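Colleague: Sequence first, predicted model second:
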Amino acid sequence: MDDKKNIILAVLLTAAILFGWPYVSQHFFPVANPPSTKIEGGKQVAVPNPAADPAADSPAAIRDRAIVLRESPRVPIRTPKLAGSINLKGARIDDIVLPTYKETIAKDSPDVRLYSPSGSQDAYFAGFGWQGEGTRFPDANTVWTANGTALTPSTPVTLSWNNGVGQLFEIRLTVDDKYMISAEQKVSNNGTGAVGVKPYGYISRVGHSKDPDTWTIHVGPMGVFNGAANYDVNYKDLDKGPSSQSFQSKGGWIGFTDKYWLSALVPGTDADFAGKFRKGAGMQYQADAALTQTMLAPGKAATQTLRLYVGAKEVKTLQAYERAGVPLFDRAIDWGWFYWFEQPIFALLHWLFTVIGNFGVAIICLTFCVRALMFPVAQRQFASMAAMRAVQPKMKALQEKYKDDKQQLQLKMMELYKQEKVNPLAGCLPIFIQIPIFFALYKVLQLTIEMRHQPFVLWIKDLSAPDPLHILNLFGLLPFTPPAFLGIGVLALLLGISMWLQFKLNPAQMDPMQQQVFAIMPWMMMFIMAPFAAGLLVYWITNNCLSMAQQWWLYRKHPAPATAVPAK
């Protein structure tokens, strides 16, 4: 009767985990990037990026982007990592693509587009201007004059506009070879009276990010204010009200972050600025940074500088800007609580990749490094397991003798553990040590753009996405794609088998309930882990194989299990 109860409880527990896990993981642990490939007719093909905007001539487009771009005079932007143009109407940077990143892994995939002009699908742009008193200021309809033909790292461009009443406004734009654009905003007062001028910059976007904002990965409004990263503002907060949130800061930055991309206004290192997130009409959101106001006497000029970062959240690039004076710039990546641990994991993994040239092999080598560091702890774990296996006959004898007296059985079992110097909980320590390592790798695979679209071998074309080779549709031969929950791939199956083999090497559990749970767990984990990033499964499978090899080696050196003796 007790065995039947244990089996029923084990089945219910397994069902609760299997069916409840998708709802838990959706909020706390988003499983992976969207699939990069799928199998159709036995062939692997690239999947369109659901986060990419629709084609300009599709029904979802507001207006054809190409037409909008031709409606105003423009100055091209050309750098190794940025391409696009500056809109001279309104002095807006509203056309930015990233030529070193593609929307999908297909050979003919378009470049990732970050900025689009107002009036086109998913409008997203930045600009610079002034507020103040005592004169006429430029606005969104002002047409500026440019003194250059292209903005490049070696050729700055100055935009100028004379308001006709004595003031000359100039924006001198420079760009580096990465993603930072600097704007020196200068006002020359040639009038007869004093003028109050306050430079500002703004970033405007329409709609929420297409990347999900979850408990572990922040997407949306973000900034660093007074030396602390702020992830507290979300699009939904601005939707519900109040429609704006303000911050006063000395140094820092403000903007919008997506999973892999960042658009941020960066004042000077020690500059005082007023930052604000706000929601306008419809689904329009804005982040702006206003510098301090200056009273400009006749015949005087004033210059203040704002910078605009628009590009990929590359770890090394963000860290370089941080070393150059941008406070906590690498926190644009939401590393979370394990920041101190995830950074070394990423650094080691990225170094291995630069040496080896394949991220999958780098993950395998990382697993070897982790196992080498944990070797002494693992040895103690496996020694404890071997000792537990050796005393199992004595434990079974005690169970037979005291099967009707649970309290006495517990006392005798504790005496046996003490006499044989074994600790049934000693094997748990390495598991707890592995948890932060596993979580750190999970975050690295989820967050860092360096892992995006990285291939391994054969059918695995993107280690940051799930395994595309599903067993339930016979590896793509059947014309349907299983849902993520049932998308058991080859890697998930290998994970389940490796866990099953590993448990077979462990000492059998004395409690029938625990035996049932451990028997089901490998296959339960196969379902749970199937939707996760392929790189995470590669790590876990490698770790299981190394664990089994270490166990086998240790058990060979350990004496055979002791013969059962009558319990006293």
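Modeller: Received the coordinates, thanks.
Colleague: Helices of the stretch 1-150 of the chain, start to end?
Modeller: Under the criterion DSSP state H, counting those that start in this stretch, helices of the stretch 1-150 of the chain are mapped to 2-28, 65-70.
Colleague: ok, and Thr192, which helix or strand is that part of?
Modeller: Per DSSP states H and E: Thr192 is located in neither a helix nor a strand.
Colleague: coming back round to it: worst average pLDDT in the helices of the stretch 1-150 of the chain?
Modeller: Between the helices of the stretch 1-150 of the chain, the lowest average pLDDT goes to helix 2-28, which shows a mean of 52.
Colleague: quick one: Ala106 from Thr481, how far?
Modeller: 18 Å (C-beta to C-beta, to the nearest Å). For glycine as for every other residue, the C-beta is placed from the backbone atoms N, C-alpha and C.
Colleague: can you check Val422 too?
Modeller: On the measure of C-beta to C-beta, Val422 and Thr481 end up 49 Å apart.
Colleague: Between these two, which is the more surrounded one?
Modeller: Val422 (20 against 17; other C-beta atoms under 10 Å).
Colleague: I'd assumed Val391 was in contact with the more buried one.
Modeller: Yes: here Val422 reaches Val391: they are 6.2 Å apart, a contact under C-beta atoms under 8 Å.
Colleague: Least confident secondary structure element in this protein?
Modeller: Here the helix or strand of the chain ranked lowest by mean pLDDT, DSSP states H and E is helix 2-28, holding a mean of 52.
Colleague: burial count for Leu173?
Modeller: By the criterion of other C-beta under 10 Å, Leu173 has 22 neighbours.
Colleague: quick one, strands of the stretch 151-300 of the chain?
Modeller: Using DSSP state E, counting those that start in this stretch, the strands of the stretch 151-300 of the chain run over 157-162, 167-175, 180-189, 195-206, 220-225, 228-230, 244-250, 252-257, 261-266, 272-279, 284-291, 294-296.
Colleague: Can you read off the pLDDT for the residue positioned nearest the centre of the chain?
Modeller: Most central in the chain under C-alpha atoms, centre = their mean is Leu447, positioned 1.9 Å from the mean C-alpha point. Leu447 is assigned 84 on the pLDDT scale.
Colleague: Excluding chain neighbours, give the residue nearest to it in space.
Modeller: Spatial nearest neighbour of Leu447, chain neighbours left out: Ile333 (5.4 Å); criterion: C-beta to C-beta, 6 or more residues apart in numbering.
Colleague: now do Val310
Modeller: Val310 sits nearest to Ser263 (C-beta to C-beta, 6+ apart), 5.0 Å away.
Colleague: For Lys250, name its beta-bridge partners.
Modeller: Asp272 (DSSP bridges).
Colleague: Could I get the full set of strands for the stretch 451-568 of the chain?
Modeller: Under DSSP E, counting those that start in this stretch, the stretch 451-568 of the chain gives no strands.
Colleague: Could you point out which residue ranges in it have low pLDDT?
Modeller: 476, 484-485, 506-518, 555, 557-568 (pLDDT under 70).
Colleague: 80 instead?
Modeller: By pLDDT under 80, the weakly predicted segments of the stretch 451-568 of the chain are 473-487, 503-520, 550-568.
Colleague: Over to the stretch 1-150 of the chain?
Modeller: Checking the stretch 1-150 of the chain against pLDDT under 80 turns up 1-62.
Colleague: what about the strands in it?
Modeller: Under DSSP E, counting those that start in this stretch, the stretch 1-150 of the chain gives strands at 37-40, 43-46, 74-78, 83-87, 92-102, 111-115, 124-133, 145-146.
Colleague: Redo those as TSV? Include mean neighbour count and distance to Lys279.
Modeller: Listed next are the strands of the stretch 1-150 of the chain as TSV, based on neighbours: other C-beta atoms under 10 Å; distance: least, C-beta to C-beta, whole Å:
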stretch	mean neighbour count	distance to Lys279
strand 37-40	18	37
strand 43-46	15	36
strand 74-78	18	29
strand 83-87	23	23
strand 92-102	21	20
strand 111-115	20	20
strand 124-133	21	15
strand 145-146	16	32
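Colleague: wait, which of these is closest to Arg452?
Modeller: Smallest distance to Arg452 across the strands of the stretch 1-150 of the chain (C-beta to C-beta): 7.8 Å, for strand 92-102.
Colleague: what pairs with the closest one, and is each one parallel or antiparallel?
Modeller: Using DSSP bridges, the strands paired with strand 92-102 are strand 83-87 (antiparallel), strand 111-115 (antiparallel), strand 124-133 (antiparallel).
Colleague: circling back to that earlier point, what's the overlap in contacts for Val422 and Val391?
Modeller: Counting by C-beta atoms under 8 Å, 6 or more residues apart in numbering, Val422 and Val391 have no contacts in common.
Colleague: for Leu447, what are its contacts?
Modeller: Ile217, Lys259, Ile333, Asp334, Trp335.
Colleague: Backbone dihedrals for the third one, please?
Modeller: The reference is to Ile333. Phi and psi for Ile333, reported as degrees, to the nearest 10, are phi -90, psi 120.
Colleague: what's the distance between it and Met548?
Modeller: From Ile333 to Met548 the distance is 35 Å (C-beta to C-beta).
Colleague: same check, this time on Leu114
Modeller: 46 Å.
Colleague: what's the answer for Lys418, then?
Modeller: From Lys418 to Met548 the distance is 30 Å (C-beta to C-beta).
Colleague: just Ile437 next, same as before
Modeller: 18 Å.
Colleague: what about these two, which has more around it?
Modeller: Between Ile437 and Met548, counted using other C-beta under 10 Å, Ile437 has the larger neighbour count: 20 against 16.
Colleague: doesn't Met548 make contact with Leu501?
Modeller: Yes: taking contacts as C-beta under 8 Å, Leu501 lies within contact range of Met548: 6.1 Å.
Colleague: what sits against Val143?
Modeller: Ser72, Pro73, Leu88, Lys89, Trp161.
Colleague: what bridges to it?
Modeller: Lys89.
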